[in-house]
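K.L.:
Quick one, structure for this:
(chains A and B)
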Amino acid sequence: MVVSESSARRYALADPDVRLMLEVRDDNAAAFEELVLRYQGRLITVLEHLVGSYDLAEDLAQEVFLRVFRARKGYVAGAKFSTWLFTIANNVASNALRSRSRRREVTLQPRDSGPMGARPLDAILQASSGQMPARQLDKAEMRDIVRLAVAALGERQRLAVLLSKFEEMSYADIAKTMGLTPQAVKSLLSRARSNLREVLEPYFQHGERPAVENSDDEKRNG
Amino acid sequence: MMKNEMVDMHDPANTDVSLEERLVAYLDGELDAEASRRVEELLAADPQVRRRLQRLDHTWQLLDELDTSQVSESFSQTTLEMVAVAAAEDARQNLAAAPHQRRRRWVLIGGSLLAAGLAGFLTVALLRPDPNELGPAERIELVKELSEQQAKSKVKRPTPEDVQGLLRWMFQYATRHEAAVLQALPEPRRQQLARMNPVMRRRLIARLIWQRWQAARPEKLPPLTDHDLADLHQMLSDDTRKWLESKLAAEQWQIVGDWIRQRFQSRRFNRKRPGMPPP
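P.N.:
Numbers count the residues shown, from 1 in each chain, chains lettered A, B, ... in the order given. Here you go, the predicted model:
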């Protein structure tokens, strides 16, 4: 990325994390520690929902920070630090999901459809809504259902939703992070929200059990 | 619809999908003023579109139920340690990849300085009237002898090649004693390390050992065996190896500890976090 000196100064002024990263570039270990402390929670949250496992999310977050450190000498102040960080996170997570998906092809039984077992949302919906459709959901159950609905999205839709919801990123920033055009992000988020609505709405409004189709191909292609 | 784009909601090209996209973009604040105004007009005119927008918004609000992860207390510490170990390894690799010429230049500079010093000394020694009765040749012999004695008693400074060898040796030592170090760790820490991939685990263990060297706590180190010492000799430059081998084993370990502490303690990377390995 080519950024003029004046632009770099502007970015550094606008985003304190860019300033910190510039100090990391100059081998300031305290600045790096500060960045880790600032971003660890945000990064692990997005990664955990993306890969569906806290332990794996922690490992991936460490890998992300390691890559940030290793790339420090070539860091050029640009736009937002978080966009750069989550771009790295996207690459790391995609590699991990690809490699997990390859392993699953070899090891799982034909009936398995994903990392959380066969149609997990169906299972939880069967367990709760099927028996008592009109009852009030408790917080934990609602959280589980929402989490599983997000997990049922394709990988790209899921990441776009997480960046939008948790990081409050603009379409332009999500596009940079995911290597897409803003128009593509717009479509992606629209599809994701439609999917979420289709899955969640009948359940929360009428207690009906929605049909969740969730093939691995769809998951990969978003 | 993205900012700076015009929207015509009455355009037949506006399919159901594109309406959904516009509504979502409207909720996300991604429409420009003109496009927002058009969506609002449509919302005012059409109760079905209003309901659709509300449903989309409601679904989005449900995502507030998602947890934010609680980061484990040790995460930042482990991450920083891992990065520090990686930094040490990078430094070792950089050193190994340093251009040959640069090292040769330093050798030449060092050699030149030594020769100039010797020439100066000889000039002064030979020309200056000496109050002693020793002749010039005898005095040179005496100086040589004294220098040799001094060299024997003085701690040798490790060369860049030695430093590289030391780092290499540290990883080898960590590998050999990995099980012993793990065994001595508290249970939670041991479990945490057990979950890591083997390469990362080894780096962290090397880092732990490194810290113990720096803290001058040999009692916390895995046993320093003759085998370890022999490995270390293999990784040092010839001169340093010969010099080190002339000492007793205990003295050798003392010297190695001094090297590790003196050589790396003052580096920039250690400034804020004492004990971290060099970049």
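K.L.:
Would you indicate which residues of the helix ranked longest in chain A are buried?
P.N.:
Longest helix of chain A, by residue count under DSSP state H: helix A:81-107. For helix A:81-107, burial by neighbour count (16 or more other Cβ atoms under 10 Å in any protein chain shown) applies to A:81-90, A:92-94, A:96-97. No exception for glycine: its C-beta is placed from N, CA and C like everyone else's.
K.L.:
neighbouring contacts of the helix or strand containing A:Val24?
P.N.:
Using DSSP states H and E, A:Val24 maps to helix A:16-25. Contacts to helix A:16-25, defined as Cβ atoms under 8 Å, 6 or more residues apart in numbering or on different chains, come from residues A:11-13, A:31-32, A:34-35, A:38-39, A:68-69, A:72-73, A:75, A:77-78, A:80-82, A:84.
K.L.:
quick one: is the helix or strand just after that helix near chain B?
P.N.:
Later in the chain than helix A:16-25, the nearest helix or strand by DSSP H and E is helix A:29-51. Yes: for helix A:29-51 and chain B, the contact criterion (Cβ under 8 Å from any Cβ of the partner chain) is met by A:29-30, A:32-33, A:36-37, A:40-41, A:44-45, A:48-49.
K.L.:
relative orientation of helix A:29-51 and helix A:16-25 in degrees?
P.N.:
120 degrees (axes from the mean of the first three to the mean of the last three Cα atoms, to 10 degrees).
K.L.:
Averaged pLDDT, helix A:29-51. What do you get?
P.N.:
Averaging pLDDT along helix A:29-51 yields 93.
K.L.:
Return the alpha-carbon coordinates of that helix using CSV.
P.N.:
Output in CSV follows, covering the C-alpha atoms of helix A:29-51 (Å, rounded to 0.1, in the frame of the first residue of the first chain):
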residue,chain,number,x,y,z
ALA,A,29,7.7,-3.5,23.4
ALA,A,30,5.4,-1.6,25.7
ALA,A,31,3.4,-0.3,22.8
PHE,A,32,3.0,-3.8,21.5
GLU,A,33,1.8,-4.9,24.9
GLU,A,34,-0.7,-2.1,24.9
LEU,A,35,-2.0,-3.1,21.5
VAL,A,36,-2.4,-6.7,22.7
LEU,A,37,-4.3,-5.6,25.8
ARG,A,38,-6.5,-3.3,23.7
TYR,A,39,-7.4,-5.8,21.1
GLN,A,40,-7.3,-9.2,22.7
GLY,A,41,-10.9,-9.2,23.8
ARG,A,42,-12.3,-7.9,20.5
LEU,A,43,-10.2,-10.2,18.4
ILE,A,44,-11.0,-13.3,20.4
THR,A,45,-14.7,-12.5,20.4
VAL,A,46,-14.9,-12.2,16.6
LEU,A,47,-12.7,-15.3,16.2
GLU,A,48,-14.6,-17.4,18.7
HIS,A,49,-17.9,-16.7,16.9
LEU,A,50,-16.1,-17.3,13.6
VAL,A,51,-14.6,-20.6,14.4
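K.L.:
Show me which residues of the helix or strand following it are buried.
P.N.:
The helix or strand immediately downstream of helix A:29-51 is helix A:54-70, counting by DSSP H and E. Neighbour-count burial for helix A:54-70 flags A:54, A:56-66, A:68-69 (criterion: 16+ other Cβ under 10 Å).
K.L.:
What about chain B: which of the buried residues of helix A:81-107 touch it?
P.N.:
Subset of these in contact with chain B: empty, counting by Cβ under 8 Å from any Cβ.
K.L.:
wait, which of the residues you listed is closest to chain B?
P.N.:
Of all the buried residues of helix A:81-107, chain B sits closest to A:Ala96, with 12.0 Å by Cβ to the nearest Cβ.
K.L.:
still on that earlier bit, mind giving me the ChimeraX select for the residues of helix A:29-51 next to chain B, buried ones only?
P.N.:
Selecting only the buried entries of the residues of helix A:29-51 next to chain B in ChimeraX, with 16+ other Cβ under 10 Å as the criterion:
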select /A:29,32,33,36,40,44,45,48,49
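K.L.:
For B:Arg203, state which of the buried residues of helix A:54-70 is nearest.
P.N.:
Lowest distance from B:Arg203 to the buried residues of helix A:54-70 (Cβ to Cβ) belongs to A:Leu66, with 10.2 Å.
K.L.:
Okay, that closest one and chain B: tell me how far apart.
P.N.:
Distance, A:Leu66 to chain B, using Cβ to the nearest Cβ, to the nearest Å: 6 Å.
K.L.:
can you give me the helices for the stretch 101-250 of chain B?
P.N.:
B:136-153, B:160-176, B:178-184, B:187-195, B:198-214, B:226-234, B:238-245, B:249-264 (DSSP state H, counting those that start in this stretch).
K.L.:
Now that we have these, can you turn them into CSV and tack on mean pLDDT?
P.N.:
As requested, these are exported to CSV (pLDDT from 0 to 100):
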stretch, mean pLDDT
helix B:136-153, 56
helix B:160-176, 80
helix B:178-184, 79
helix B:187-195, 73
helix B:198-214, 73
helix B:226-234, 86
helix B:238-245, 86
helix B:249-264, 75
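K.L.:
how about JSON lines for these, with mean neighbour count and distance to A:Ser164 added?
P.N.:
Below are those laid out as JSON lines (neighbours: other Cβ atoms under 10 Å in any protein chain shown; distance: least, Cβ to Cβ, whole Å):
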{"stretch": "helix B:136-153", "mean neighbour count": "11", "distance to A:Ser164": "69"}
{"stretch": "helix B:160-176", "mean neighbour count": "19", "distance to A:Ser164": "43"}
{"stretch": "helix B:178-184", "mean neighbour count": "14", "distance to A:Ser164": "42"}
{"stretch": "helix B:187-195", "mean neighbour count": "13", "distance to A:Ser164": "31"}
{"stretch": "helix B:198-214", "mean neighbour count": "19", "distance to A:Ser164": "32"}
{"stretch": "helix B:226-234", "mean neighbour count": "15", "distance to A:Ser164": "54"}
{"stretch": "helix B:238-245", "mean neighbour count": "14", "distance to A:Ser164": "59"}
{"stretch": "helix B:249-264", "mean neighbour count": "16", "distance to A:Ser164": "45"}
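K.L.:
out of those helices, nearest to chain A?
P.N.:
Per Cβ to the nearest Cβ, nearest to chain A of the helices of the stretch 101-250 of chain B: helix B:187-195, 6.6 Å.
K.L.:
and the angle for that closest one with helix B:198-214?
P.N.:
Helix B:187-195 runs at 140 degrees relative to helix B:198-214, counting by the same axes, to 10 degrees.
K.L.:
if we can go back for a sec, in the helix holding A:Val24, what counts as buried?
P.N.:
A:17-25.
K.L.:
Output that helix as CSV, nothing but the C-alphas.
P.N.:
Presented in CSV, the C-alpha positions along helix A:16-25 are these (Å, rounded to 0.1, in the frame of the first residue of the first chain):
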residue,chain,number,x,y,z
PRO,A,16,-4.3,6.4,18.4
ASP,A,17,-3.8,2.7,17.6
VAL,A,18,-2.0,3.7,14.4
ARG,A,19,0.3,5.7,16.6
LEU,A,20,0.9,2.8,18.9
MET,A,21,1.6,0.5,15.9
LEU,A,22,4.2,3.0,14.6
GLU,A,23,5.9,2.7,18.0
VAL,A,24,5.8,-1.0,17.7
ARG,A,25,7.5,-0.6,14.3
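K.L.:
Nice, that's everything, thank you.
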